[in-house]
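**Student:** Sequence below, structure please.
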Amino acid sequence: MLRRNGLKTFIVNRNTKQKPLVAIGCGGTGGHLYPGLAVADQLLLRGCDVTLLVSAKEVDQQGIKSALGMNVATLPAVGMTRGKLAQFIVGFWKSYRASRKLFGERPPQAVLAMGGFTSAPPVLAGKACGAAGFLHESNTIPGKANRWLAHFVDQAFVGFPTAAGRLHHTNILCTGTPVRPQFQPTDAGSCRMALGLAPDRPLVLVMGGSQGASGINDLLLQALPQLLKAVPNLQFLHITGANDAPKVQAGYHAHQAKAMVRPFLTEMELALGAANVAVSRAGASSLAELAAMRLPSVVIPYPAAADNHQFHNARAYVETGAALLLEQKGATGELLAERIVSVVTNQTAHAEISRALERWHYANAAELIAERMIALMEAMHGGRWKRAASPNESGFRVLQLAVHNP
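**Tutor:** Predicted structure coming up:
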């Protein structure tokens, strides 16, 4: 057992020869975490060891349960919000010091930032110990952390081609946003049965991102009477976030609608595979998963997102026929119901949107990022390692994930 800055990590070494280490800052939201996990899996397959650097937020602590074969550390970072500049600066400094101490025990050969408030301190700490620096920007409008970090990294990756012009860097590659390999088109009936839903009834999936969305929850409840009138056998899988589950459950019960309501769901590949249509925010990671599954959606961008980036993400999809847009300002339950019904009851419209989604699915995004990182690591560090002969030859496995002790 190792103790690092109040973290407990249980690791069993299987190979005596140390492999190259890559650290990935990917916490704060599922939109940062899950693409980071997809890249981490590909790095493991290519003979690297991986340390994930995440926040103490519940979404991260739930998500890292699937981080098999990786070391995980929790950083005390705090997001930068209005009126909390002092807290942000203190959290940033603490995270930087924690990263430097962690890297002092074993320096990484590369550090990848996936955006958000947990990603900047590790990149700076990694650069201080000679690591190659990378960032990935998923959104059409780069976030503040990545705009600033672009001046310090060796290579930048972007999910949307339009983001490249908004990052001040000379080495930018459009890779798309990585998704985990389990996200691929599958049999809807089988997914519904696996979730305990009726296999032969159409399904609406309602999700507000990794932390839920009260605006979407309220709109769907307003739309329920019209939806059930138009499609009486409709069923729902509704992921509410932590706070709204009782209210949403009561709403479905009042209308005698068949619904599975969950505050959080880890098996998102089953949820997307089971659905005929999704109602979703327009975070880049959610859109990438919808594209991978070819699932039509009604996207409702989060109106308070920084630089209104979710609207611009959504518009890119809508302009190519890959989604339907409903802006939250001025939205009504009637408008939402009309859009949902237009997809559920019209097979031609459903098929056209599914085909349009193909252009947004970058099937090899995670692999491409991993390969580019390794190539630059080898160039910078003289190729002083050999890749693993087999994906099963991982240098260690985590018996218990790191836990945060304030």
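
**Student:** Could you work out the end-to-end span of stretch 350-368 for me?
**Tutor:** 31 Å (Cα to Cα, to the nearest Å).

**Student:** Same question for stretch 110-119.
**Tutor:** Terminal residues of stretch 110-119 lie 13 Å apart, using Cα to Cα.

**Student:** residues of that stretch that come out buried?
**Tutor:** Of all the residues in stretch 110-119, those buried under the rule 16 or more other Cβ atoms under 10 Å are 110, 111, 112, 113, 114, 115, 116, 117, 118, 119. All C-beta atoms are positioned from the backbone trio N, CA, C, and that covers glycine.

**Student:** Then stretch 348-355?
**Tutor:** Those buried within stretch 348-355 under the rule 16+ other Cβ under 10 Å are 350, 353, 354.

**Student:** Ok, stretch 142-158 next?
**Tutor:** In stretch 142-158, counting by 16+ other Cβ under 10 Å, buried: 142-143, 145-147, 149-150, 153-158.

**Student:** In helices only, show me those residues.
**Tutor:** 145, 146, 147, 149 (DSSP state H).

**Student:** I'd like those residues as TSV, with distance to residue 367 and pLDDT appended.
**Tutor:** TSV is the format used below for those (distance: Cβ to Cβ, whole Å; pLDDT from 0 to 100):
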residue	distance to residue 367	pLDDT
145	25	83
146	21	90
147	26	91
149	23	91
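
**Student:** so which pair among the buried residues of stretch 142-158 is furthest apart in space?
**Tutor:** Comparing every pair within those by Cβ to Cβ identifies 143 and 154 as the most remote, at 19.2 Å.

**Student:** Mind jotting down where the helices sit in the stretch 301-406 of the chain?
**Tutor:** 309-319, 333-344, 347-357, 365-381 (DSSP state H, counting those that start in this stretch).

**Student:** list the buried ones in the longest one?
**Tutor:** Of the residues in helix 365-381, 365, 366, 367, 368, 369, 370, 372, 373, 374, 376, 377, 378 count as buried by neighbour count, 16+ other Cβ under 10 Å.

**Student:** How far off centre is it?
**Tutor:** 21 Å (Cα atoms, centre = their mean, to the nearest Å).

**Student:** Please name every helix or strand in contact with it.
**Tutor:** helix 30-45, strand 110-113, strand 132-137, strand 155-158 (3 or more Cβ pairs under 8 Å, 6 or more residues apart in numbering; DSSP states H and E).

**Student:** ok now do residue 274, which residues does it touch?
**Tutor:** By Cβ atoms under 8 Å, 6 or more residues apart in numbering, the contact set of residue 274 is 188, 191, 192, 194, 195, 197, 203, 205, 237.

**Student:** and the closest residue to it other than its chain neighbours, what does it touch?
**Tutor:** Nearest non-adjacent residue to residue 274, counting by Cβ to Cβ, 6 or more residues apart in numbering: residue 191, 3.8 Å away. When contacts are counted by Cβ under 8 Å, 6+ apart, residue 191 touches 270, 271, 273, 274.
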